[in-house]
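**Q** Below: sequence and its predicted model.
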Amino acid sequence: MTNPLYDRFFGIHDGAQTPFLILPDGGEITHDAFLRMAARFAHGLRACGVAPGDRVAVQVAKSPEALALYAACAQSGAIFLPLNTAYTVAELAYFVENSEARLLLVDPDRAEDCRQMARAAGARLETLDARGAGSFARIAAEQPERFETVPRKGSDLAAFLYTSGTTGRSKGAMLSQDNLISNALVLRDLWRFTDRDVLLHALPVFHTHGLFVATNVMLAAGGAMIFLPGFDLDRVIEMLPRATSMMGVPTFYTRLLDDPRFTRDLAGHMRLFISGSAPLLAETHRAFEDRTGHRILERYGMTETNMTTSNPYDGARIAGTVGQPLPGVELKITDPETGAPLTAGETGMIEVRGPNVFQGYWKMPEKTAEELREDGFFITGDLGQQDAEGYVTIVGRAKDLIITGGYNVYPKEVELVLDEQPGVLESAVIGVPHPDFGEAVLGVLVARPGAALDTEAIAAALGDSLAGFKQPKALVLVDALPRNTMGKVQKAALRETYADTFESR
Ligand code: AMP
């Protein structure tokens, strides 16, 4: 194989008149038409001065063209660097500078604001809008429909995905072709994706979930994707009858459950619903099964590792767990201080090793050394347990662990108890500075629609389930928890908001 990533995921579809992308307006793009667009884009990249190994930074709306840029980078040997569409120009400047990108592609609306920054960073600036128009599209339009694939090795880098960087600077996770290929093939087989599958795709394509998990798996399987610009409830409900499967973040599933149109009949024909990127509440898992008869398959992974665990296709999909390590992936739970392995049922740091684990952080050798051990185990920063059958339960991010008066409190344990209280829809538990205890436990609650929460009664009820030091020293009510695009609760933002709760008392 001359270029494993391109050959395995894209090249295999050369000439195939089978549908690849099904668009909201009902239009379809075949595998072959997609490859022709990608080839023109690969020429376009070359025309913009992009050479193999160069970074192509892309902040554009989700569209078939955005995905074709990924294929074009693979075919021309460039490194694809997709960026969250929510980033500001100032944030973009960091990524372009840090990655030393050769080319920056943005929406035409942004071009003026980016021009100076791109010039200062030495990057060429071109544009592409949500409908696939813009200066880059014009360059590509004149190019041939065939591009001679640039030879690459499996160990060559295919993409940089920057971590969301809730603490400190965002880091560029370097992913090799083999990282992506190995993971997609394992997931395709484990989840039984074939060319008969049609995946409902409402995720963004700048993140590992929508870009690599969804797209690479479907490319490897030869199936099609209903490619929606975002999660629009009406559109999802309208398109569901055409799908066989769906991948989503937990909020997709809670939003579907909130809608009476989402019935057993509507979901009956589906083969598989998959959830990840943030914790799926056991309650949502049960409510989904009650409504549809389907047990959501939850899996776990991260930017740096691709996917690492999954509930089984055939065996027990256990609510509240993220399943077992994927074939070829080793996982251990270790003491966060010493790194010594712990036994089944003990809570500690989740570490993983395998062909899925990234190559390190771009230009940050110290950070890489802190998180990637010499023996290849990556210290995920997630705390969890593994039971005797290998099922992993995530307790939360290590940096969210609360240490109050010298005792460790795992927010998840407290959140599960709060969530069961009358009238509570959901909760987030954080540690905030406290003059006596160092940190104090604080509970942030969201009420169910129409419910009035009695925080005193809730506080009083916690004594039955939680030791005193785990009980929140204060409960606050909010309309909604702050979440990022992937549905993750932004605990750093909550810690900031409530930082003075006890200091000022
Ligand atoms: P990202 O790198 O943006 O994909 O974020 C990865 C992080 O999301 C992981 O380290 C976990 O903390 C969290 N995560 C991903 N999948 C799950 C899941 N199924 N349950 C709980 N947390 C998850």
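**A** That came through fine.
**Q** Pull up the residues of the protein that are close to the ligand.
**A** 163-164, 208, 276-279, 298, 300, 302-303, 322, 380, 382, 394, 397, 486 (Cβ under 6 Å from any ligand atom). Backbone N, C-alpha and C define where each C-beta goes, glycine included.
**Q** which of the residues you listed are buried?
**A** 163-164, 208, 276-279, 298, 300, 302-303, 322, 380, 382, 394, 397, 486 (16 or more other Cβ atoms under 10 Å).
**Q** Where strands are concerned, which of these count?
**A** 298, 300, 302, 380, 382, 394, 397 (DSSP state E).
**Q** Let's have these in JSON lines, adding distance to Thr343 and pLDDT.
**A** Listed next are those as JSON lines, based on distance: Cβ to Cβ, whole Å; pLDDT from 0 to 100:
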{"residue": "Glu298", "distance to Thr343": "24", "pLDDT": "98"}
{"residue": "Tyr300", "distance to Thr343": "21", "pLDDT": "98"}
{"residue": "Met302", "distance to Thr343": "24", "pLDDT": "96"}
{"residue": "Thr380", "distance to Thr343": "19", "pLDDT": "97"}
{"residue": "Asp382", "distance to Thr343": "18", "pLDDT": "96"}
{"residue": "Ile394", "distance to Thr343": "18", "pLDDT": "95"}
{"residue": "Arg397", "distance to Thr343": "22", "pLDDT": "89"}
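**Q** with those in mind, which one is nearest to the ligand?
**A** Here the nearest of those to the ligand, counting by Cβ to the nearest ligand atom, is Met302; it sits at 3.3 Å.
**Q** That closest one touches Thr208, doesn't it?
**A** Yes - contact criterion Cβ atoms under 8 Å: Met302 and Thr208 qualify, at 7.4 Å.
**Q** Point out where the stretch 51-200 of the chain drops to low pLDDT.
**A** For the stretch 51-200 of the chain, applying pLDDT under 70 flags the ranges 165-168.
**Q** And the residue of it closest to the ligand?
**A** Ser164 (5.3 Å).
**Q** So that residue sits against Ser170, correct?
**A** Yes - with contact defined as Cβ under 8 Å, Ser164 and Ser170 form a contacting pair (6.8 Å).
**Q** would you list the ones in strands among the buried ones among the residues of the chain next to the ligand in TSV and tack on distance to Cys114?
**A** TSV is the format used below for those (distance: Cβ to Cβ, whole Å):
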residue	distance to Cys114
Glu298	38
Tyr300	35
Met302	29
Thr380	34
Asp382	35
Ile394	38
Arg397	32
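**Q** Of the residues you listed, which pair is most distant in space?
**A** Glu298 and Arg397 (17.3 Å; Cβ to Cβ).
**Q** ok, the residue positioned nearest the centre of the chain - contacts?
**A** Nearest to the geometric centre of the chain sits His209, at 4.1 Å (Cα atoms, centre = their mean). Listed by Cβ atoms under 8 Å, 6 or more residues apart in numbering, the contact partners of His209 are 203, 247, 249, 276-277, 486.
**Q** With pLDDT and distance to Glu371 as extra columns, can I get those in JSON lines?
**A** Formatted as JSON lines, the contacts of His209 follow (pLDDT from 0 to 100; distance: Cβ to Cβ, whole Å):
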{"residue": "Leu203", "pLDDT": "97", "distance to Glu371": "26"}
{"residue": "Met247", "pLDDT": "98", "distance to Glu371": "27"}
{"residue": "Val249", "pLDDT": "94", "distance to Glu371": "24"}
{"residue": "Gly276", "pLDDT": "96", "distance to Glu371": "21"}
{"residue": "Ser277", "pLDDT": "94", "distance to Glu371": "20"}
{"residue": "Met486", "pLDDT": "88", "distance to Glu371": "20"}
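**Q** Looking at those, which two lie furthest apart in space?
**A** Greatest spacing in the contacts of His209, by Cβ to Cβ: Met247 and Met486 (12.0 Å).
**Q** Just give the nearest non-adjacent residue to Tyr70, would you?
**A** Counting by Cβ to Cβ, 6 or more residues apart in numbering, the nearest residue to Tyr70 once its immediate chain neighbours are dropped is Phe80, at 5.1 Å.
**Q** now the helices: where do they sit in the stretch 151-300 of the chain?
**A** 177-190, 208, 217-221, 233-239, 250-257, 264-267, 282-292 (DSSP state H, counting those that start in this stretch).
**Q** Just name the most buried of these.
**A** Greatest average neighbour count among the helices of the stretch 151-300 of the chain goes to helix 208 (a mean of 27), per mean count of other Cβ atoms under 10 Å.
**Q** How far away from the center of its chain is it?
**A** Here helix 208 is found 5 Å from its chain centre; the criterion is Cα atoms, centre = their mean, to the nearest Å.
**Q** what separates Leu480 from the ligand, distance-wise?
**A** Just so we're on the same page, residue 480 is Ala rather than Leu. Distance, Ala480 to the ligand, by Cβ to the nearest ligand atom, to the nearest Å: 19 Å.
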